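Visitor: need a structure here:
(chains A and B)
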Amino acid sequence: MNRFRWLIQTLVAFGTNAYLLFPFGGSVIYQGPLKAVCHPGLNCYSCPGALLSCPVGAFQNFMASLRFSTGGIPNLGVIVVGYLGFIGSVVGRLTCGWMCPFGFIQDLIHKIPTPKFTLWKPLRWVKYAVLVVLVVAMPALLVDNSGLGHPWFCKLVCPAGTLEGALPLLFLKPSLWGTVGFFFWNKLTLLILILIAVVFISRFFCRVICPLGAFYSLFSRISLVQLEFVEGNCVECGSCVRKCPTGVVPNQEFDSPECIMCLRCVEACHFSALDFGIRRPPGKPAKVKRVTSPI
Amino acid sequence: MPKKSFWLIILFTALFILGINTGDLNFLLNLGSTICLSCIGVG
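Guide: I've put the predicted structure just below:
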């Protein structure tokens, strides 16, 4: 299962960043019709290879230009909310575990053999503040003299933008170095700090900062698919807890907002106490399956 | 299928379609066609 997930992550990461004409074409980024579609994960649309738009960047720009809506109907970014809400309603944070290119990068970096640490749990709440303040409120409310806001999460924080967008673009288009200033060095410092944290703490960015993960986590209790716990089969061996990359205790925290449904716990459980499938209606408990002893 | 999930899927599909019909799609297309200087921290 884990190998299958790695395959999907690789295919999605390379498949959605498959514009390979940037060194030869007229433009350094892809400008075709696919850019009207958002990536389900965090993937900078200024990445030279990116075929799709970034949903977080797109939504901030909708908020930033609210005052410029034309035709009597304000562009509230409902297309992005609808798109992300649909994904969240169906699969919840499974997208984070299987389809996010920056999550994939973190998974790779965390493989560096070093001592590993657990995350201080209250830090999990930071990502909700990032979502509300940097992605919604500041782009909509902090406007310049012309009435235009700015995508503050992209501007101040987004490490995916620095890694996938800024660094390759500065390499490919050296003239951009002339415009580099405080925001770039601030983001580069943050990127380095986040990547160092990821080496020691699994999925640090997803668990602490990612506003997209925060949005998807709102659907953890109502998404169509779920990670199901079959209580009668659990022997409390703890193998699921040891495998979880986001520090969830699957046999105690049901429908955890932190669960990215990577299904490593399902694979680790030899007693069929965890299963993945369509959510059961309330009051319809899972059937206790016959336990097959691994011994 | 749980009712809550079903109605949420309907709601968000409707929002998505509403977005397409209110010009959000063109906005999105224009947005992705230029290098975002804020995204790369140089703007």
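
Visitor: is the residue lying closest to A:C259 once chain neighbours are set aside part of a helix or strand, or is it coil?
Guide: In this structure, A:C259 finds its nearest non-sequential neighbour in A:V248, 5.1 Å apart by Cβ to Cβ, 6 or more residues apart in numbering or on different chains. For the C-beta atoms, the positions are set from N, CA and C on the backbone; glycine is no exception. Going by DSSP: H, G, I helix; E, B strand; the rest coil, the secondary structure assigned to A:V248 is coil.

Visitor: distance of A:V248 from A:M261?
Guide: 10 Å (Cβ to Cβ, to the nearest Å).

Visitor: who has more neighbours, those two?
Guide: It is A:M261, of A:V248 and A:M261, that has more neighbours when counted by other Cβ atoms under 10 Å in any protein chain shown, with 22 against 19.

Visitor: I figured the residue nearest to A:C259 hits A:E258, correct?
Guide: Yes: using Cβ atoms under 8 Å, A:V248 is in contact with A:E258, at 5.1 Å.

Visitor: strands along chain A, start to end?
Guide: With DSSP state E as the criterion, chain A has strands at A:225-229, A:274-278.

Visitor: check the residue nearest to A:C259 and give its pLDDT.
Guide: The model reports A:V248 with a pLDDT of 93.

Visitor: contacts only, for it.
Guide: A:V248 is in contact with A:241, A:256, A:258-259, A:265, counting by Cβ atoms under 8 Å, 6 or more residues apart in numbering or on different chains.

Visitor: again, only this time at 6 Å
Guide: By Cβ atoms under 6 Å, 6 or more residues apart in numbering or on different chains, the residues touching A:V248 are A:256, A:258-259.

Visitor: equivalent analysis for A:T246, please.
Guide: A:203, A:207, A:258, A:260.

Visitor: and the closest residue to the last one other than its chain neighbours, how far is that from chain B?
Guide: Spelled out, that is A:I260. Closest residue to A:I260 apart from its sequence neighbours, by Cβ to Cβ, 6+ apart: A:G97 at 3.6 Å. For A:G97, the distance to chain B equals 19 Å [Cβ to the nearest Cβ, to the nearest Å].

Visitor: equivalent analysis for A:P168, please.
Guide: On the measure of Cβ to the nearest Cβ, A:P168 and chain B end up 9 Å apart.

Visitor: residue of the stretch 1-150 of chain A closest to chain B, please.
Guide: A:I79 (2.6 Å; Cβ to the nearest Cβ).

Visitor: which ones are touching that residue?
Guide: So A:I79 contacts B:16, B:19, B:24 (Cβ under 6 Å, 6+ apart).

Visitor: filter these down to the ones close to chain A.
Guide: B:16, B:19, B:24 (Cβ under 6 Å from any Cβ of the partner chain).

Visitor: among the residues you listed, which are in helices?
Guide: With helices taken from DSSP state H, the overlap with the ones next to chain A among the contacts of A:I79 comprises B:16, B:19, B:24.

Visitor: by neighbours, which of those wins?
Guide: Sorting these by how many neighbours each has (other Cβ under 10 Å) puts B:D24 first, at 26 neighbours.

Visitor: quick one: contacts for that one?
Guide: Contacts of B:D24 (Cβ under 6 Å, 6+ apart): A:75, A:79.

Visitor: over to A:L51?
Guide: Going by Cβ under 6 Å, 6+ apart, A:L51 touches A:16, A:19, A:30, A:34.

Visitor: quick one: buried ones out of the residues you listed?
Guide: Taking 16 or more other Cβ atoms under 10 Å in any protein chain shown as the criterion, what is buried in those is A:16, A:19, A:30.

Visitor: just these now: which is nearest A:F86?
Guide: Comparing the buried ones among the contacts of A:L51 against A:F86 with Cβ to Cβ picks out A:T16 as the nearest, at 17.8 Å.

Visitor: residues in contact with that closest one?
Guide: By Cβ under 6 Å, 6+ apart, the contact set of A:T16 is A:39, A:51-52.

Visitor: repeat that for 10 Å
Guide: The contact partners of A:T16, taken as Cβ atoms under 10 Å, 6 or more residues apart in numbering or on different chains, are A:34, A:37, A:39-41, A:43, A:47, A:49-52, A:99, A:101.

Visitor: many thanks, we can stop here.
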